[in-house]
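>>> below are the sequence and a predicted model; questions follow.
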Amino acid sequence: MVERETPDLNDILKAASDPTRRAVLTLLAQHGPTRVTDIARRFDMSLNSVSKHIKVLERAGLVSRRTEWREHIIAVEMGPLSQVDDWFAQLRSIWDMRLEALDDILTEDDQ
């Protein structure tokens, strides 16, 4: 079995930056593993175009693929999104500290 590297935050954000790819992720999160052909039917684009979007999501680790005979089944992988959540949590903590400092300054001015 080939071991895959953990996707980089930049790769995840780049993959999720496209509205079509976000729509594919949402579809998979709502409906579970889905055949590529069924995913393609929901979009106004060719099967080849949808497949290219799915490959970008695969490289970022956001979806996985399994093959059953000739069918390719795509499933969402939520694990890599924890990197995005961690990054946002860091940003939130920075803003919380800044807001607390501002509150301290405003409180001092009132006194």
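Arrived safely. Quick caveat: nothing in here was measured; it's all calculated off a predicted structure.

>>> I figured residue 42 hits residue 26, correct?
No: assessed by CB atoms under 8 Å, residue 42 is found out of contact with residue 26, at 10.6 Å. Quick note: C-beta positions are derived from backbone N, CA and C, even for glycine.

>>> residue 10: which element?
Using DSSP states H and E, residue 10 sits in helix 9-16.

>>> quick check: longest helix of the protein.
Determined from DSSP state H, the single longest helix within the chain is helix 81-110.

>>> which strands and helices sit next to the least confident helix or strand in the chain by mean pLDDT?
One helix or strand of the chain scores below all others by mean pLDDT, DSSP states H and E: helix 81-110, with a mean of 77. If contacts are counted by 3 or more CB pairs under 8 Å, 6 or more residues apart in numbering; DSSP states H and E, helix 81-110 sits against helix 9-16.

>>> distance between the helix it packs on and the chain's centre?
7 Å (CA atoms, centre = their mean, to the nearest Å).

>>> can you list the buried residues in that helix?
Residues 11-12, 15-16 are the ones in helix 9-16 that count as buried (16 or more other CB atoms under 10 Å).

>>> name the nearest of those relative to residue 67.
Ranked by distance to residue 67 (CB to CB), the buried residues of helix 9-16 are led by residue 15 at 21.5 Å.

>>> close enough to count as contact, the closest one and residue 59?
Yes: at 7.2 Å, residue 15 counts as touching residue 59 under the criterion of CB under 8 Å.

>>> so which helix or strand takes in residue 75?
Residue 75 belongs to strand 71-76, assigned by DSSP H and E.

>>> what residues sit buried inside that strand?
For strand 71-76, using 16+ other CB under 10 Å, the buried residues are 72, 74, 76.

>>> show me what that strand packs onto, helices and strands only.
Secondary elements touching strand 71-76 (3+ CB pairs under 8 Å, 6+ apart): helix 19-31, strand 34-35, helix 36-41, strand 63-68.
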